[in-house]
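1. Give me a 3D structure for the following:
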Amino acid sequence: MLSDEAIVAETAFLRTLYKNAAAENIVPGASINIIFTNINFADGLNGWTTDYTDGSVYTEGTPEVSIAQGWNNTYFTLSQTVAEIPNGVYVIELNGLFRPAEDATSTLHAGQVSLNDNINFLMTPSEDSEGAAPTNSEECVAAFSAGRYMNYAAVEVTDATLTIGLSNPGTGLKNDWVAASGIKVYYMGNAEEASASLDKVLGGYVARAQTIINFVPTTDGDTYHAHPNFSAALKTKLTETISACGSASTGAEKIALVNTFSNLFKEVYACRNVYIEMIETAEEAVDVAGYLKEEGLMSEERYTEVLQLSNQAWNAFTDGTLSAEEAEALTKTLKEISEYNYIYKISTGDELIAFATKVNDGYVTAKAELTADIDMNGVTDFQPIGTEDKPFQGIFDGKGHRIKNLQIAAGDYAGFIGCVIGNATIRNLIFDSSCSISGHKYVGLVGGSNGEGTITMQCLGNEANITSTSTIAGGVFGSNHDSKSFIIIDKCYNTGNIQGIKHNGALAGWIGTKDLSSVTNCFNIGTVTGYEFLSSYLFRGSTPTMENIYSTTGEQGTIITPEAVTSGELAYLLGWGQELGKDAHPTPFSKWTVYKLDDGTYSNTDGTGIEKISEANATAESVI
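-> This next block holds a predicted model:
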């Protein structure tokens, strides 16, 4: 009698034989669903290859109608490939929809069905007029069961291999939704044998193309991401291709039109993204130019030129007068302005407050360097640099200096640097023990991030007490909200006390779940209240790279004694400097080299009796 495992193996073997036999006997007009694995998601996503960023991919529905869904992804693909099939024309049909950004009225296309390299956009909710737009899986089951939201694509296979897929390359908006079910794939023979079936496929392409042509772009500076235009030349090509469908009579002509629609749809998607970047850059360039003019770094004439370039971008966006290549060229010119490398030199508290104001007023890519220690004694209303609405995206370089006597009280994203996104970099700074930070949630020297990018925190020392009245506080970094950012914490330390109700950490409250995040070459001797487990005493998050980490408490990294901190052992392990007998702990900026002597003790002399200052640690720049 066969075991359960043997029965499963035998069943799989017989199914493979059946699939191979079916593949060898494919005839024109036949469904080839049997040669795919779990094509209609009755067994979840088994047999499908998935790849996605953010959000989730899952199946849901009833035993009769199971729906594959990509929810809130910034990128999503679902595919399956079969090989050794007859060359010829293949057609896919399915019930499916794409809803951009929870907007059931929008016809902004991004979700796709594909056969090899050919794509067709999935219908948006308002393109079906047979009933209310579905808002959840249950309503999708009802709509799809009624035959609504039918989508088609076709391809001519020439290498005996076919890949079917669903995807959302992304709109840049939140809460996109792809839902699909009822997939059927047919082999239709050569182009002439497929001619009649291609009429229905072309009907689907024509409907999508007409919707794209009718799409109304925005002229509102706040909503251009959701309503982007594309080049008028592409609209003309779409119109010409629609017209050509009326005279196409042969299968070869029809499959050629399918290929043309597919390529044009890809160009439309790409051009829309270029147009969005053009306007983003134009808006940033105007902000930067305004600040540079105020600082006397840009003439009135040059500022006028920038405004003219911005107007050119907006006119092109509204009228579609630029090709994608021309829009990219204008964007490059605007970027040279928006990325102007002016660095604010800060030596006083007033200058620091002025810089915070500039960032929070909208100059979020600004760069600054400290040229001296900053004493903020008497300042009671300092606002964190970077807000939830206008996150900091620039560079703040403390050049090894200290912030002193600064008490910060804020709400969410409370920190010296408040909220960050993009490629924000904060480095070479000590926030000393005369300072303090208190806030609601997401609290730290850097409060937290709320968008995509790589946040780099390097050579930072927090010696201040950090207090959260709610959740997620850390000495160096508060929270990577929704795990959208890659977090890099390197050569940083915490000696302050971290207090809060829950989910707090000595170095960071929440690193997030990005695999490429890292915490390296750091130490902690501060205390934490409201931590989750000793195994997450330093930070919470899923498997970031963690190397050369030391703490007097917890179970992350290497646990050290207080004596190791003062004796020079910790400085030696980290490769940092410390003036032994004077400095309570090492810093990455200290000029004093620590040597390990033959007897196992540590000293600022190398055995010759001469104290040495480390050139490697003499300046903040040299350790970056």
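2. Tell me where the stretch 51-200 of the chain has strands.
-> All strands of the stretch 51-200 of the chain, identified by DSSP state E, counting those that start in this stretch, fall at 56-61, 66-71, 75-83, 88-99, 112-115, 118-121, 150-157, 161-168, 177-187.
3. Render the CA-only coordinates of stretch 407-424 in PDB, please.
-> The C-alpha trace of stretch 407-424 is given here as PDB (Å, rounded to 0.1, in the frame of the first residue of the first chain):
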ATOM      1  CA  GLN A 407      15.300  70.900  24.500                       C
ATOM      2  CA  ILE A 408      13.000  69.700  21.800                       C
ATOM      3  CA  ALA A 409       9.300  69.100  22.400                       C
ATOM      4  CA  ALA A 410       7.200  68.000  19.400                       C
ATOM      5  CA  GLY A 411       4.500  65.600  18.300                       C
ATOM      6  CA  ASP A 412       5.100  62.700  15.900                       C
ATOM      7  CA  TYR A 413       8.500  62.500  14.200                       C
ATOM      8  CA  ALA A 414      10.100  64.400  17.100                       C
ATOM      9  CA  GLY A 415      13.900  64.800  16.800                       C
ATOM     10  CA  PHE A 416      16.700  67.200  16.000                       C
ATOM     11  CA  ILE A 417      16.100  66.000  12.500                       C
ATOM     12  CA  GLY A 418      12.300  65.200  12.400                       C
ATOM     13  CA  CYS A 419      11.000  63.400   9.400                       C
ATOM     14  CA  VAL A 420      13.200  62.200   6.500                       C
ATOM     15  CA  ILE A 421      12.700  60.500   3.100                       C
ATOM     16  CA  GLY A 422      14.600  60.100  -0.200                       C
ATOM     17  CA  ASN A 423      18.400  59.900   0.200                       C
ATOM     18  CA  ALA A 424      18.600  62.000   3.400                       C
END
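4. now the helices for this structure?
-> All helices of the chain, identified by DSSP state H, fall at 4-24, 137-145, 195-214, 232-245, 251-294, 300-319, 324-338, 349-360, 562-567, 569-574.
5. I'd like the strands of the stretch 51-200 of the chain as TSV, with mean pLDDT, distance to residue 379 and mean neighbour count appended.
-> All C-beta atoms are positioned from the backbone trio N, CA, C, and that covers glycine. Listed next are the strands of the stretch 51-200 of the chain as TSV, based on pLDDT from 0 to 100; distance: least, Cβ to Cβ, whole Å; neighbours: other Cβ atoms under 10 Å:
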stretch	mean pLDDT	distance to residue 379	mean neighbour count
strand 56-61	93	45	17
strand 66-71	94	45	22
strand 75-83	96	44	17
strand 88-99	97	48	24
strand 112-115	98	54	24
strand 118-121	98	55	24
strand 150-157	98	60	23
strand 161-168	97	47	21
strand 177-187	97	47	22
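6. Which one of those lies nearest to residue 128?
-> For the strands of the stretch 51-200 of the chain, the distance to residue 128 is smallest for strand 88-99, at 7.7 Å, taking Cβ to Cβ.
7. In CSV, please show the C-alpha coordinates belonging to the closest one.
-> This file holds the C-alpha atoms of strand 88-99, laid out as CSV (Å, rounded to 0.1, in the frame of the first residue of the first chain):
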residue,chain,number,x,y,z
GLY,A,88,1.7,30.4,-33.5
VAL,A,89,-0.8,32.9,-32.1
TYR,A,90,-2.0,32.6,-28.5
VAL,A,91,-4.8,34.6,-26.9
ILE,A,92,-5.5,35.2,-23.2
GLU,A,93,-8.8,36.4,-21.7
LEU,A,94,-9.6,37.0,-18.1
ASN,A,95,-11.8,39.0,-15.7
GLY,A,96,-9.6,41.6,-14.2
LEU,A,97,-9.4,45.2,-13.1
PHE,A,98,-6.9,47.8,-11.9
ARG,A,99,-7.9,50.5,-9.5
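8. what angle separates that strand from strand 150-157?
-> Counting by axes from the mean of the first three to the mean of the last three Cα atoms, to 10 degrees, strand 88-99 lies at 150 degrees to strand 150-157.
9. Go through this protein and flag its longest strand.
-> Assignment by DSSP state E gives strand 446-462 as the longest strand of the chain.
10. Against residue 156, how distant is the nearest residue to residue 158 once chain neighbours are set aside?
-> The shortest distance from residue 158 to any non-neighbouring residue, by Cβ to Cβ, 6 or more residues apart in numbering, is to residue 87 (5.5 Å). Distance, residue 87 to residue 156, by Cβ to Cβ, to the nearest Å: 8 Å.
11. sorry, back to before: could you dump the strands of the stretch 51-200 of the chain to CSV with distance to residue 213?
-> What follows is the strands of the stretch 51-200 of the chain, written out as CSV (distance: least, Cβ to Cβ, whole Å):
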stretch, distance to residue 213
strand 56-61, 31
strand 66-71, 26
strand 75-83, 26
strand 88-99, 18
strand 112-115, 18
strand 118-121, 13
strand 150-157, 18
strand 161-168, 22
strand 177-187, 23
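12. Can you say which of these is nearest to residue 545?
-> Nearest of the strands of the stretch 51-200 of the chain (Cβ to Cβ): strand 75-83, 22.8 Å.
13. Which neighbouring elements make contact with the closest one?
-> Judged by 3 or more Cβ pairs under 8 Å, 6 or more residues apart in numbering; DSSP states H and E, the packing partners of strand 75-83 are strand 49-53, strand 66-71, strand 161-168.
14. I'd like those strands laid out as a markdown table, including distance to residue 588.
-> Below are the helices and strands packed on strand 75-83 laid out as a markdown table (distance: least, Cβ to Cβ, whole Å):
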| stretch | distance to residue 588 |
| --- | --- |
| strand 49-53 | 33 |
| strand 66-71 | 43 |
| strand 161-168 | 43 |
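15. Going along the chain, name the strands of the stretch 351-500 of the chain.
-> Using DSSP E, counting those that start in this stretch, strands in the stretch 351-500 of the chain cover 367-370, 374-375, 395-404, 407-409, 417-422, 425-431, 436-439, 446-462, 465-468, 477-480, 485-490, 493-494, 498-499.
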